[in-house]
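Student: Can you look at this prediction? I've put the sequence above it.
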Amino acid sequence: MTDEQPSHRYSAALAGRIERRWQDHWEQHGTYHAPNPVGPLAGPVPEDKLFVQDMFPYPSGAGLHVGHPLGFIGTDVFARYHRMNGRNVLHTMGFDAFGLPAEQYAVSTGQHPRKTTEENIGNYIRQIRRLGLGHDERRRISTIDPEYYRWTQWIFLRIFNSWYDADAGKARPIDELVAQFDSGERATPDGRAWAELSHAERQGVLNEHRLVYLSDAPVNWVPGLGTVISNEEVTADGRSERGNFPVFRRNLRQWMMRITAYADRLIDDLDRLDWPDKVKAMQRNWIGRSNGARVRFGVGAQQVEVFTTRPDTLFGATYVVLAPEHPLVDVIAAAAWPSDVDSRWTGGAADPGAAIAAYRRAASLKSDLDRQENKEKTGVFTGAYATNPATGAQIPVFIADYVLMGYGTGAIMAVPGQDQRDWDFATAFGLPVVRTVQPTAGFDGEAFTGEGPAINSGFLDGLGITEAKARIIDWLQEQGHGHGTIQYKLRDWLFSRQRYWGEPFPVVYDADGTAIALPESMLPVELPEVDDYSPKTFDPEDADTVPSPPLSRATEWVEVELDLGDGPKTYRRDTNTMPNWAGSCWYQLRYVDPTDGARFVEPENERYWLGPRSPGDPGGVDLYIGGVEHAVLHLLYARFWQKVLFDLGEVTGEEPYRRLFNQGFIQAFAYTDERGVYVDASEVVEKDGKFFYDGKEVRQEYGKMGKSLRNVVTPDQMCETYGADTFRMYEMSMGPMDVSRPWATKDVVGAQRFLQRVWRNLVDEETGALRVTEVEPDETTLRALHKAIAGVHEDYANLRYNTAGAKLIELNNHITKTFPDGAPRSVAVPLVQMLAPLCPHIAEELWEKLGGVESLAHGPFPVAVERYLVEDTVEYPVQVNGKVRGRVTVAADASQDEVKAAALADEKVAAAVGGATPKKFIVVPGRLVNIVV
RNA sequence: GCCCCCGUAGCCCAACAGGCAGAGGCAGCCCCCUUAAAAGGGGUCGAGUGCCGGUUCGAAUCCGGUCGGGGGCACCA
């Protein structure tokens, strides 16, 4: 039983006592407080700083499972390593605490979401504190704190009061645009003088330029959630990421952020970031920049403009297709079919008008999912013909739902010879195919999309695709038929939600319905108390519903009398709230200056922690760790805000996160019984490769850790059973940080045994007394030690904690074997120091026992002595024709000839060579010898 | 369908820039301590790197193909 264990063995109970003690000590002494250059947190600051950040956690009511802290511990080890080496390290953690779960919980219980959210935060802090994370707890922030969201609102207003000057390539204050209109430097849309426009008219004009604007464009309406969502929150199959409800495109008046103005910079600046290629690729793909041309096709008196990335194929355009919703469809549609109309083109209708109406009706009944699953090409002829500007040919104009209104111009020129979709449509409708690129020999496919010389293309013939594109664009411009252009998939960011638990907009509407930004002095606009937190939700399938936000029912709050400069008047507040991403768009800036009441961040502090460090450096957090699931959403929005703030001179960094690292996921096995019901995974036992629960065989699955799979393991359980240091050591030993892997509780004991051995090498398990000796370690030990020091330095700096841990185990195993009477002090000390980033509590305890007076948090960290890293002698394996035949040991500085001589002198090698003259003699210095005969 | 990443002992993982396939942990096996037990101590076994081919004196590593797993995008003109 445990009471028979030596009383000072490093058990879970002892570890727990040590850990609590040091957690209290660190908190009381502010051990992890990082000084700022100026302001309330000012202190002496070394030039060498490091800002390490975890992705903003949402404080879920379920608490942490062992997968969550992987990244948190990873950043902590990195921060501790650098802190011990003398850098000023900023590491903390706050909470992204607005969001749907708290609101839904509030709806079902009637409790204020603030209450449950704060309780969850309290529990979260308790859990992460127990892990020994070295956070500067003065810098904890929470997005729901009015002192935080006042600045979220403030940034919103800065963006609202800005426009994008495409000529300057940056955002500028809206006043400067007003000045341009006022002076006549820039013409108003209808040519009237600025002074002649009414207030509402002026605001209407500015709305077209503001970086935040009100839009009536189609948005993603989710009746099942009662709110609209952004494009990024819609899944590939046209449903809401949250709740998996159907999404409908509806025209609703909503706030939009003009992120498209930054499309080029958001793509181009990816090259300046130290990010995983995968994430960069996802962002590039999402922004979707493609170079091409807009080409105008005459249709009667009208012009239909199409977008194409292959203007070089213009000579092969044999028909034109408009999206069914395209506004010109009704204008150009012929009154009657031509006499010889192909029966496949009419949809069985009597005339084009009827065919179009029927086709549109059918298309509107199809969900996005239907459209994607069924790739059979459908469409109807409009009865109209367009003129191909290159060939002069009259080509039919169709409508078809494979052309999307939302991309490009909503119209295409169809080139079946070079585009498979057009080929499919042409085949179904009996349309001609003209190849304009010579397919490679032996090509037997349909549309040819590869590289080749132009054919059937008049003055383009013989040119490669790139030259042909350039030539035709020049020609289109000369002839006035079109121009080269760049197209993006990225759309503006829908920025309003019909929810309660989010940041209110700092905007009111006057009697004309014009949006007016509140002055800074009126911030924060606080959330009002309401009786019912729920947005009105609807039948998820009912598209004909309109949002009804909870704030609209807070009538006393909505109707407000304010003096905005021209006397007290009644205004209406905006009843939307900001999306959940708003708070996380700028939180690294607030970590830097969490208590600043005068500014969102003091410029000097921003420059120190987040500014560029060298010419061309975009600035930003030095290491940002989180899951890859935010590759597009959060990371794109945050980059956008940062760039706006940079343009406006509010910050010096052009990018928020200089270096990004995606940690892997910890997954876990789950088990189902014969009914397919999940059973408690912790009760399952393995026998001969089969799994049993309660004596009955169960089936093993593998997946995310979660309540529904009944396979959750919590850090609390691990701390209880093994201690936080053991848990940290194990998580970091499981593999490289970026690799996903299965959780295995049974393996944790390995980490605990290691710490027990370290403890035992330094401390008498019976008495608790230090058993470190003053003996001088032998040469072999010193070599092992310094090799470990050199390796551990490199591993920590490169996030290779698994190998760093292995090197520490190796060194400790050496001590165990070599010094049964206790570790020599000169080895024990660096061992403890090197252990500290991974297992800070036990390291502090041992450091104190060794006589350390100051916490080990700020070092020292051992430095390897070069002399012990170079070997005196080297053992070379000697290969003959690639097979190892013998080994020779020579002096490390032996010349190649000496190595050769030694190799040939070896009996076994000589036998293998057999007296033949070597054809080749390879000596890889320090590595091996290979003799080719 | 297109793009990206990954396949090394029973399991999790190492291997600098191509150079003896093994650092570390779990499990297994043996021994010690123990009335007994293990979250104790000591020791030990174990793969030729998914498969096929190429380059090379030499390939886990580079190249081509193939199979398997994971992820992203998907009628974006």
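Tutor: Cool, got the structure.

Student: contacts, neighbours, all on C-alpha from now
Tutor: Will do.

Student: how close does the closest residue to A:I141 other than its chain neighbours sit to RNA strand B?
Tutor: The spatially closest residue to A:I141, leaving aside those adjacent along the chain, is A:G94, at 4.6 Å (Cα to Cα, 6 or more residues apart in numbering). Look at A:G94 and RNA strand B: by Cα to the nearest atom of the strand, to the nearest Å, they are 26 Å apart.

Student: For A:G94, give me its contacts.
Tutor: By Cα atoms under 8 Å, 6 or more residues apart in numbering, the contact list for A:G94 reads A:F56, A:P57, A:R139, A:R140, A:I141, A:S142.

Student: Could you tell me the per-residue confidence at it?
Tutor: At A:G94, the pLDDT value in this model is 97.

Student: Then A:I922?
Tutor: Looking at A:I922, its pLDDT is 84.

Student: same question, the one 3 residues further on
Tutor: The predicted structure scores A:P925 at 79 on the pLDDT scale.

Student: go on, the one 4 residues further on?
Tutor: A:V929 carries a pLDDT value of 85.

Student: Might one say that it is in contact with A:V878?
Tutor: Yes - judged on Cα atoms under 8 Å, A:V929 makes contact with A:V878 at a distance of 4.7 Å.

Student: Helix, strand, or coil at A:E446?
Tutor: coil (DSSP: H, G, I helix; E, B strand; the rest coil).

Student: Next, the contact list for it, please.
Tutor: The contact partners of A:E446, by Cα under 8 Å, 6+ apart, come to A:G417, A:Q420, A:W423.

Student: Looking at those, which one is closest to RNA strand B?
Tutor: A:Q420 (8.4 Å; Cα to the nearest atom of the strand).

Student: That closest one - how many residues pack around it?
Tutor: 16 (other Cα atoms under 10 Å).

Student: residues in contact with it?
Tutor: Applying Cα under 8 Å, 6+ apart, we find A:Q420 in contact with A:E446, A:A447, A:F448.

Student: okay, it: pLDDT?
Tutor: 86.

Student: And A:L365, by the same measure?
Tutor: Confidence for A:L365, expressed as pLDDT, is 69.

Student: on that earlier part again, more crowded one of A:V929 and A:V878?
Tutor: Taking neighbours as other Cα under 10 Å, A:V929 and A:V878 compare with A:V878 leading, 28 against 25.

Student: What's opposite that one in the beta bridge?
Tutor: A:G886, A:V929 (DSSP bridges).

Student: re earlier: in a markdown table, list the contacts of A:G94 along with neighbour count.
Tutor: A markdown table is the format used below for the contacts of A:G94 (neighbours: other Cα atoms under 10 Å):
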| residue | neighbour count |
| --- | --- |
| A:F56 | 18 |
| A:P57 | 16 |
| A:R139 | 21 |
| A:R140 | 16 |
| A:I141 | 21 |
| A:S142 | 22 |
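
Student: among these, which two are most distant?
Tutor: Across the contacts of A:G94, no pair lies farther apart than A:P57 and A:R139, at 14.7 Å, counting by Cα to Cα.

Student: where exactly do the helices run in the stretch 101-250 of chain A?
Tutor: According to DSSP state H, counting those that start in this stretch, the stretch 101-250 of chain A carries its helices in the segments A:113-130, A:146-160, A:174-183, A:199-207.

Student: so what does the third one touch, helix or strand wise?
Tutor: Helix A:174-183 sits against strand A:162-165, with contacts defined as 3 or more Cα pairs under 8 Å, 6 or more residues apart in numbering; DSSP states H and E.

Student: Let me know the average pLDDT across the strand it packs on.
Tutor: 96.

Student: circling back to that earlier point, hey, which of the helices of the stretch 101-250 of chain A is tucked in deepest?
Tutor: helix A:146-160 (a mean of 22; mean count of other Cα atoms under 10 Å).

Student: Name the surrounding residues that touch that one.
Tutor: A:141-143, A:210-213, A:503-506, A:517, A:520, A:523-526, A:582-583, A:586, A:600, A:644.

Student: and the residues you listed, which of them are in strands?
Tutor: A:V212, A:Y213, A:A517 (DSSP state E).

Student: pLDDT below threshold where in the stretch 551-700 of chain A?
Tutor: Along the stretch 551-700 of chain A, the parts satisfying pLDDT under 70 run over A:688-689.

Student: ranges for the helices of it?
Tutor: A:555-558, A:587-592, A:603-610, A:633-647.

Student: Now distance to RNA strand B and mean neighbour count too, for the ones you listed, in a markdown table please.
Tutor: Formatted as a markdown table, these follow (distance: least, Cα to the nearest atom of the strand, whole Å; neighbours: other Cα atoms under 10 Å):
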| stretch | distance to RNA strand B | mean neighbour count |
| --- | --- | --- |
| helix A:555-558 | 37 | 15 |
| helix A:587-592 | 24 | 24 |
| helix A:603-610 | 29 | 22 |
| helix A:633-647 | 10 | 21 |
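
Student: Break chain A into its domains for me.
Tutor: A:1-30+A:740-870, A:37-143+A:582-662, A:155-267+A:492-573, A:290-487, A:871-932 (automatic domain parsing).

Student: Check the offset of the third one from the chain's centre.
Tutor: To tie it back to what came earlier, the one meant is domain A:155-267+A:492-573. 25 Å (Cα atoms, centre = their mean, to the nearest Å).

Student: And the shortest one, by the same measure?
Tutor: For domain A:871-932, the distance from its own C-alpha centre to the chain's C-alpha centre is 52 Å (Cα atoms, centre = their mean).

Student: And for stretch A:695-713?
Tutor: Relative to the chain's own centre, stretch A:695-713 is displaced by 28 Å; criterion: Cα atoms, centre = their mean.

Student: Name the stretch among the domains of chain A that sits most buried.
Tutor: Mean neighbour counts for the domains of chain A (mean count of other Cα under 10 Å) peak at domain A:37-143+A:582-662, with a mean of 20.

Student: Tell me which of the helices of the stretch 551-700 of chain A sits nearest to A:P46.
Tutor: helix A:603-610 (10.2 Å).

Student: Just the residues contacting that closest one, thanks.
Tutor: So helix A:603-610 is contacted by A:36-38, A:49-51, A:589, A:592-593, A:619-621, A:650-653, A:656 (Cα under 8 Å, 6+ apart).

Student: if we can go back for a sec, I'd like to know which of the helices of the stretch 551-700 of chain A is closest to A:K278.
Tutor: Here helix A:633-647 is closest among these (Cα to Cα), at 13.1 Å.

Student: Provide the contact partners of the closest one at residue level.
Tutor: The contact list for helix A:633-647 (Cα under 8 Å, 6+ apart) reads A:159, A:170-172, A:232-233, A:259, A:262, A:266, A:283, A:581, A:584-586, A:651-656.

Student: just checking, what packs against the helix or strand A:A362 falls within?
Tutor: Secondary structure assignment for A:A362, by DSSP states H and E: helix A:352-365. With contacts taken as 3+ Cα pairs under 8 Å, 6+ apart, helix A:352-365 sits against strand A:380-387.

Student: quick check, the strand it packs on touching RNA strand B?
Tutor: No - Strand A:380-387 does not reach RNA strand B (Cα under 7 Å from any atom of the strand); its nearest approach is 13.5 Å.

Student: List of residues touching that strand?
Tutor: A:297-300, A:319-320, A:329, A:332-338, A:345-347, A:352-353, A:355-356, A:359, A:393-400.

Student: now do stretch A:649-664
Tutor: A:70-71, A:273-276, A:586, A:588, A:603, A:606-607, A:610-612, A:618-628, A:638-639, A:642-643, A:645-646, A:737-741.
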